[in-house]
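[1] Turn this into a structure:
(one chain, ligands or ions: 2)
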Amino acid sequence: IIIFLTNNSVGIDDIVYTLYNDNKGLPNTVSLFLFGFYLLKTLGVMLRIAIQSKGRLYEESMALLEESGIKIPGGKRTLLVPARNFPVEVLFLRDDDIPESVASGVADVGIVGLNEVMEKCCPVGILKKLGFGKCRLSLAIPQDIDYQDRNWFSGKKIATSYPGILSDYLHKNGIVSDIHVITGSVEIAPGIRLADAIFDIVSSGSTLVSNRLKEVETVVESEAVLIGTDSISPEKRGILDELLFRFDSVQAADD
Ligand code: PRT
Ligand code: ZN
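    Ligands and ions are numbered 1, 2, ... in the order given. The predicted structure is shown next:
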């Protein structure tokens, strides 16, 4: 606490001075006021964590915070919700916006799928893999095609919501294809002749099967990750270290 206090503009020594040199060592109104001011300022430091507002990662992100002993009030849903018992505030966003929000400093850390981090190419670091939201980004083609190897994709039209990761993969493998960007229901593209193949998230594989597609190349294995940057203040770094420690304990208990 003393380290936190002395980082502020008025030093702890000012409080100690007023405390002991005025009023014969008894606390006076000035020192009490200063101490209260410090306490409020110190308590005001909050680590802002961005999580998905709804969708596949929402429940498990909230459960991880809850299991880490961090109580997020329910009820009226607002964009920014402070925890009841820990210096963390939760910023609810669409998953697509989380990497950018952390890179720009709007949030200090965020929980998001590795697939989104890779696609958005933001300058953020992976602080921890969280072990939920597991899936993979794969290339899939109609079931009746006799597939030999990835050169099949040369000159083909591939529908995807992940053009960045796909073009990197194709480039590294010397394949030139036509990438067709669509958001949502990518899996129906080959059936309606919009594309020859798709590059999309696969989890159980049942969406592919029900669209008469087969997975032929796995490009990226993904899961939910905690992201952050180096430009975090020392006060927030302390809170983050405690948060990481609690996440580790939850994971150790689950194993
Ligand atoms: O509204 P917002 O933009 O926040 O959410 P969103 O709709 O973009 O994302 P959402 O909630 O669908 O997924 C969030 C994250 O969950 C993804 O970025 C992945 O990291 C992770 N995840 C894990 C998945 C899946 N599993 C998954 N199965 N995301 C999507 N799917 C979809 C996939 O797109 C396909 O349509 O599920 C289908 C395939 O599932 P299977 O089980 O049939 O193979
Ligand atoms: Zn999204």
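[2] what about the longest strand anywhere in the chain, average pLDDT?
    Looking across the chain with DSSP state E, the single longest strand is strand 213-222. Per-residue pLDDT over strand 213-222 has a mean of 98.
[3] Indicate whether it makes contact with ligand 1.
    Yes. Looking at strand 213-222 against ligand 1 by CB under 6 Å from any ligand atom, the contacts come from S222. Using the backbone N, CA and C atoms, a C-beta is placed for each residue, glycine as well.
[4] Any residues of the stretch 51-200 of the chain in contact with ligand 1? List them.
    Residues of the stretch 51-200 of the chain found near ligand 1 (CB under 6 Å from any ligand atom) are 52, 55-57, 94-96, 113, 115-116, 133, 135, 200.
[5] List buried residues within these.
    Among those, those classed as buried by 16 or more other CB atoms under 10 Å are Q52, R56, L57, D95, G113, N115, E116, G133, C135, D200.
[6] Restricted to strands, list the residues you listed.
    Among these, the ones falling in strands (DSSP E) are Q52, G113, C135, D200.
[7] Now do the phi/psi pair for G69.
    As for G69, its main-chain torsions (degrees, to the nearest 10) stand at phi 80, psi 20.
[8] thinking it is in contact with F86, fair?
    Yes. In this structure, G69 is within contact of F86 by CB atoms under 8 Å, at 7.2 Å.
[9] Out of the two, name the residue with the larger neighbour count.
    The neighbour count for G69 versus F86, taken as other CB atoms under 10 Å, is higher for F86 (19 against 12).
[10] Identify, from the buried ones among the residues of the stretch 51-200 of the chain next to ligand 1, the entry nearest to ligand 1.
    Ligand 1 lies nearest to G113 out of these, by CB to the nearest ligand atom, at 2.1 Å.
[11] packing partners for the helix or strand containing I165?
    Applying DSSP states H and E as the criterion places I165 in helix 163-172. Under the contact definition 3 or more CB pairs under 8 Å, 6 or more residues apart in numbering; DSSP states H and E, helix 163-172 sits against helix 114-120, strand 178-181, strand 213-222.
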